[in-house]
Each structure stands twice: as C-alpha cells, then as structure tokens.
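Student: Give me coordinates for this.
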Amino acid sequence: MKKILIIAGVLVLIALLVIPKLQNSSDASTSQSGSEGNTPITVDVHLVEPEVFENKIFTTGTLLANESVDLRSEISGKIVELKLDEGREVREGEMLIKINDSELQARLEQAEYRIGLAEVREQRQKQLLERGGISQEDYDATLNELNVLRAEADLIKAQIDKTEILAPFDGIVGLRYVSNGSYISPTSEIASLQSINPIKIEFSIPERYAGVVETGDRVIFNVQGQDDDFEASIYAIEPRIETQTRTLRIRALADNVEWRLLPGAFANLELILEEIEDALMIPTISVIPELQGQKVFVLRDGAVEEQEVTTGIRTASHVQITEGLAPGDTVLTTGLLQVRIGSKVRIDQVDKYEGDES
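Tutor: Have a look, this model is predicted:
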C-alpha cells in the first residue's frame, strides 16, 4: 500500500510539471498559426489581355529555283554561234547556241529538188489517170514516192532544228563550260539556266500538322547573308507522309525581284498555321486539371477565387482560354498549392503574354 501511494505521488508531480508546458506550447502554436493565417501569401500573377496570336511551326528548308535546267545538245557538232553570256538574263525561245548545220542544209536542198521533180511527175500521172492512160496502181506508186520524199525533208528539218539550242524559259544563264568553236556532243556540259523569280522554298513539317496546313498559308523565312525576313505562300503539299521521317513535304513561293535569294540556300522558317486576333493567353502552369475539367485561381477584389476554364490552342509555355476568363482578369501563376478560396495575397510580379514558339 505504501508503494502504491509513492507511485501515485510521483505521477501527480510529473503531471503538475508537464501539463503547464504542454499548454504553453499549444498556445504558442495556436498563436503562430493564427499569425501565419493572417499573413498574405506572396504570388506572381498574369494579366489577361487580348493579343494577336499566331500558331506557328518553326522548321528549316532549302531554296530552289522556280525552273532549272542543264543546257545540253541533242546532236554532236561544232559551235558556230555562241550567245551564252554568263549571268545574262534571257527570254524564252531565245537562241543561245548554233551548231554547224551546213551538211544538213545541203541535204535539205537536195531533198527539195527531188520533191519538186516528184511533184511534177505526180501531176502528169494524175492527168494520165483521168484520161485512162495509166492504172490507179501506177499513180499510187508515184504519189507514195512523193510522200516519202516529203517525209525525208521533214526529218532533215527536224535535225536542223536540233542544231539550235533555245532558252526553254525566262531565266539567268549560269557559268558556261564551252566556247565558240568548241565541238560538243549530247554528253557535253554547256551551262545551266535558272529561273529564280519567283523562288521556291522546300521544307518538311511533322505529320501531326498534316490536317492543319493548307495551300495559301504564310511562311516567314530568312537566310544567311540577308538581314531582312522574307514572306512566301504555300502552293503545293505532298499528298503523302515520308515513312522514314514521318514528315510532310511542302513547297512555297516567294517573290525575288532583286535576285537577293539564290537556289540552294539554307532557310529558317516560321509557318503560320492560324492567326487569332483577340486570343486570351495565360501560362500553362496556371491551369489546374480536375476530374470535371480545368480551373485557375484568379484575384478579384483582393481575394483568391476559383474559376473553371475551357482551353484551346497550346504552345510551349502558354495556353489559349476560350471560356471562363475575360480581358482584365488577373490569374495566379505561383503559390497555387498554398492559396485557398478567399486567401489574401501580395502581388510580387505581373507579367503579360509576349508570344512564344509552338
């Protein structure tokens, strides 16, 4: 019994010592918690304003001549006339090279004499046929001989035409590799002819954009050595996806009146898929996903509120809001895990949408 009383006394003494300390600790914690609850949270916000939004793709491409051909001769022979000045602008149909055709001209003259004699003979045979002097078979043989001679003359004329190399389109002559008096053949390299106004730009985009890009879409591009940006318009889209790269090949046309752009140049491009005049863009980090949709925290009358939103186009760091926000709203971008509905906050930094890459 004595031991029990001693133990009970010890417990009472411990209780008297511990309970006041626990009460003080609890009071201090409560006081600190209340103090923290009244302290505004420092946050960054985004001011929602209507902006011109351009949905872009950034890629690279290569400049191509609108038309390009390596000039070559169809026959072998000696050049007797050369109008192939390097760097000169020529017109379609203009003669650039004349190959010696004296032998062909002689053969053509001979053929024309033979045709003349055959025509006289055919006329006589026709008169005799009408009077019954010869058979139809004899006349047909004479007429056939005349037609053969005419066909031979046409063949010689076709060969003579091949002795002239004409410009197939308007363009600029490149560096030439022959001189007046040179003997050339179909394998001889003569020069190139380039049509570079307008100029083409060829590039590829990921296949996920295949259903979005259209002919007529604008392309902004630049090349090394030029400080200005140039604008082109899509005119052709390859109707298939490249299986190895999973990309879609596209070509656009750009004006090149001053010949500042040259075929083969490397180009950095911006393909503008869509342009929205009054888009409301906010940082992607501000959007909080939920089971029923998406929400953001907005600051109204100095207090935090939740707002359900509907999103549209996304870029690398921003998202378009199609429903739920209006111009002038202030959206929280930091402190999203600490704030609650009705919380008071202190704004540290305000930002606006300035565009970014898609």
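
Student: When you work out contacts or count neighbours from here on, use the C-alpha atoms and nothing else.
Tutor: OK.

Student: Kindly list the longest strand within the protein.
Tutor: The residue-count maximum for a strand in the chain (DSSP state E) belongs to strand 50-71.

Student: Which elements pack onto it?
Tutor: Of the remaining helices and strands, those touching strand 50-71 by 3 or more C-alpha pairs under 8 Å, 6 or more residues apart in numbering; DSSP states H and E are strand 191-206, strand 266-283.

Student: So which residues of the stretch 101-250 of the chain form strands?
Tutor: Taking DSSP state E, counting those that start in this stretch as the criterion, the stretch 101-250 of the chain contains strands spanning 164-166, 171-173, 183-184, 191-206, 218-223, 230-242, 247-254.

Student: and of those strands, who's closest to residue 99?
Tutor: Nearest to residue 99 among these is strand 164-166; the distance by C-alpha to C-alpha comes to 6.3 Å.

Student: what residues does stretch 118-130 touch?
Tutor: Stretch 118-130 is contacted from outside by 134, 135, 136, 139, 142, 143, 145, 146, using C-alpha atoms under 8 Å, 6 or more residues apart in numbering.

Student: likewise stretch 65-78?
Tutor: 99-100, 162-163, 165, 169, 181-200, 262-263.

Student: so how far is the first residue of it from its last?
Tutor: Using C-alpha to C-alpha, to the nearest Å, the end-to-end distance of stretch 65-78 comes out at 30 Å.

Student: From residue 302, how far off is the closest residue to residue 135 other than its chain neighbours?
Tutor: Closest residue in space to residue 135, ignoring its immediate chain neighbours: residue 129 at 6.4 Å, by C-alpha to C-alpha, 6 or more residues apart in numbering. Counting by C-alpha to C-alpha, the gap from residue 129 to residue 302 is 116 Å.

Student: Settle it for me: which of the two has more neighbours?
Tutor: A direct count of neighbours by other C-alpha atoms under 10 Å for residue 129 and residue 302 places residue 129 higher, at 16 against 13.

Student: List the buried residues of stretch 57-64.
Tutor: 57, 60, 61, 62, 63, 64 (16 or more other C-alpha atoms under 10 Å).

Student: Let me see the confidence value for the first one.
Tutor: According to the prediction, residue 57 has pLDDT 87.

Student: Would you agree it is in contact with residue 315?
Tutor: No - taking contacts as C-alpha atoms under 8 Å, residue 57 lies outside contact range of residue 315: 10.1 Å.

Student: and residue 98, bridged to which residues?
Tutor: For residue 98, the beta-bridge partners are residue 81, residue 164 (DSSP bridges).

Student: again with residue 54
Tutor: Bridge pairing for residue 54 (DSSP bridges) gives the partners residue 275.

Student: Who are the contact partners of it?
Tutor: Residue 54 neighbours (C-alpha under 8 Å, 6+ apart): 272, 273, 274, 275, 276.

Student: What is the nearest of those residues to residue 93?
Tutor: The closest of the contacts of residue 54, once distances to residue 93 are taken by C-alpha to C-alpha, is residue 272, at 39.1 Å.

Student: quick revisit: quick one: which of the helices and strands packed on strand 50-71 is nearest residue 256?
Tutor: Between these, strand 191-206 lies closest to residue 256; by C-alpha to C-alpha that is 4.8 Å.

Student: Can you show me the CA trace of the closest one as CSV?
Tutor: What follows is strand 191-206, C-alpha atoms only, in CSV (Å, rounded to 0.1, in the frame of the first residue of the first chain):
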residue,chain,number,x,y,z
ALA,A,191,25.8,25.7,-118.8
SER,A,192,22.8,25.9,-116.5
LEU,A,193,19.7,28.1,-116.8
GLN,A,194,17.9,29.2,-113.7
SER,A,195,14.6,30.9,-113.2
ILE,A,196,14.7,32.5,-109.7
ASN,A,197,11.8,34.9,-109.7
PRO,A,198,9.7,33.7,-108.0
ILE,A,199,11.8,31.3,-106.0
LYS,A,200,10.7,28.1,-104.3
ILE,A,201,11.2,27.1,-100.6
GLU,A,202,11.0,23.4,-99.8
PHE,A,203,10.6,22.2,-96.2
SER,A,204,9.0,19.5,-94.1
ILE,A,205,6.8,19.6,-91.0
PRO,A,206,5.8,16.8,-88.5
